[in-house]
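>>> A predicted structure for the sequence below; I have some questions about it.
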Amino acid sequence: MPSLTLQEAADQLGVHYMTVYRYVRLGRLPARKSGGTWEVDSADLEGLRRGHDRSVRPRKPADWSQRLEARLLEGDEAGAWGVLEAALASGTSPADLYTEVIGPAVTSVGTRWHEGEVTVAEEHLATSVVLRLIGRMGPRFARKGRSKGTVVVTTPPGERHAIPSLMVSDLLRGAGFEVIDLGADVPIDALTGIVQKFDELVAVCVSSTRFDGTTALRRTVRALKKAVPDIPIFVGGASVPTQEVADDLGATGWAPTGEGAVELVLGVVG
Ligand code: B12
């Protein structure tokens, strides 16, 4: 497929170079970097041109998600942030951005890696950009006023997937809770020590993604129930696909989504 420089693309569209550059940054025009310069496929340019007279603004979260995924796989943080800003500007809430745009983009990268379409390096690159984007999104979940209570968000030992717990933490902050996010791979002794420090503790959320991680998750839940017997222990993440699995682990509650985690904790404070 013939490739074009951004200047050639701009000439063909009859717009300024910076306009095409912005289309790339916002994910409206797929592009890749070659020797330090951007290249676009003429078929993608034609697709943009056909949509050019109508509005090519995406309306569905799935469209934003696909645009984001393309930027993530290029390791293009500025472009990925541009997609998020555009989605926010079009009315997507920060919470929906996490659950309907960033989450599906990351999951799709993983699925494509599993199918051999995306390399391990690309998956790591995409993940590292996502972690930076979540860091930039954090302040948008800050809430003024009195905290509804403290929630500890944690993962079992051996668990390196931190994106789900980061998202759950921000969603809880957005709902008015003070969140202590312990991140990935938390040793059980350290966890049981820290949860006892917070007088305002209302719940502990344990996020587990590795499918082979349920043994560590079970030990974590058991240790937490012993350390803070009056505090609800909620579980979620890909290792806990159903309520039955959560019940078997001895958890107080389970939910399949980040919004579900917020509902569980809101249910505790009434
Ligand atoms: C990013 C990623 C990584 C990164 C993680 C980096 C990081 N700092 O987070 C890296 C590259 C390190 C990695 C490593 C590995 N990974 Co990986 N990874 C992924 C990937 C692409 C995305 C995971 C993610 O962030 N999802 C996004 C969020 C939003 O997920 P979510 O679960 O939907 O979260 C929501 C809900 O679950 C809920 N929720 C989450 N927590 C909680 C908690 C509570 C209390 C509640 C109520 C709700 C709740 O709210 C969230 C927001 O809505 C997935 C692909 C996929 N299909 O999921 C593979 C995937 C999870 N990884 C997989 C594997 C196999 C691995 C490795 C074993 C690979 C290897 N051979 O080394 C290692 C394991 C490392 C370890 N010890 O944990 C497999 C897991 C399969 C399995 N059998 O275990 C997957 C599914 C890829 C695949 N298709 O095979 N991985």
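Yep, that arrived. Numbering: from 1, shown residues only.

>>> first vs last residue of stretch 247-255, how far apart are they?
Distance between the two ends of stretch 247-255: 12 Å, counting by Cα to Cα, to the nearest Å.

>>> please begin residue numbering at 47 from this point
Let's use 47 as the start, then, which means that last one is stretch 293-301.

>>> Show me which positions of that stretch end up buried.
By neighbour count on 16 or more other Cβ atoms under 10 Å, the buried set for stretch 293-301 is 295, 297, 298, 299, 300, 301. For glycine as for every other residue, the C-beta is placed from the backbone atoms N, C-alpha and C.

>>> any idea of the mean pLDDT for that stretch?
Across stretch 293-301, the average pLDDT comes to 96.

>>> Need the contact partners of that stretch.
Stretch 293-301 has contacts (Cβ atoms under 8 Å, 6 or more residues apart in numbering) with 252, 260, 263-264, 267-268, 271, 278-282, 286, 288-289, 291-292, 307, 309-310, 313.

>>> from the residues you listed, which are also near the ligand?
Cross-checking the contacts of stretch 293-301 against the ligand (Cβ under 6 Å from any ligand atom) gives 252, 280, 281, 282, 307, 310 as the overlapping residues.

>>> my read is the second one is in a helix, agree?
Spelled out, that is residue 280. No - when classified by DSSP: H, G, I helix; E, B strand; the rest coil, residue 280 is found to be strand rather than part of a helix.

>>> what's the burial count for it?
Burial measure for residue 280: 26 neighbouring residues, criterion other Cβ atoms under 10 Å.

>>> One more: the fourth one?
Applying other Cβ under 10 Å, we find 26 other residues in the vicinity of residue 282.

>>> Just the pLDDT at it, thanks.
In this prediction residue 282 is given a pLDDT of 97.

>>> what ranges of this structure fall below the confidence cut-off?
Per-residue confidence of the chain (counting by pLDDT under 70) places the weak regions at 47, 72, 97-107.

>>> Show me how to select, in ChimeraX, the buried members of the contacts of stretch 293-301.
Selection of buried members from these for ChimeraX, criterion 16+ other Cβ under 10 Å:
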select :252,260,263,264,267,271,278,279,280,281,282,286,292,307,310
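
>>> The ligand contacts on the protein?
That would be 145, 149, 152-153, 155-157, 160, 169-170, 173, 204-211, 213-214, 251-253, 255-258, 280-284, 301, 303-304, 306-307, 310, which are the residues of the chain within reach of the ligand (Cβ under 6 Å from any ligand atom).
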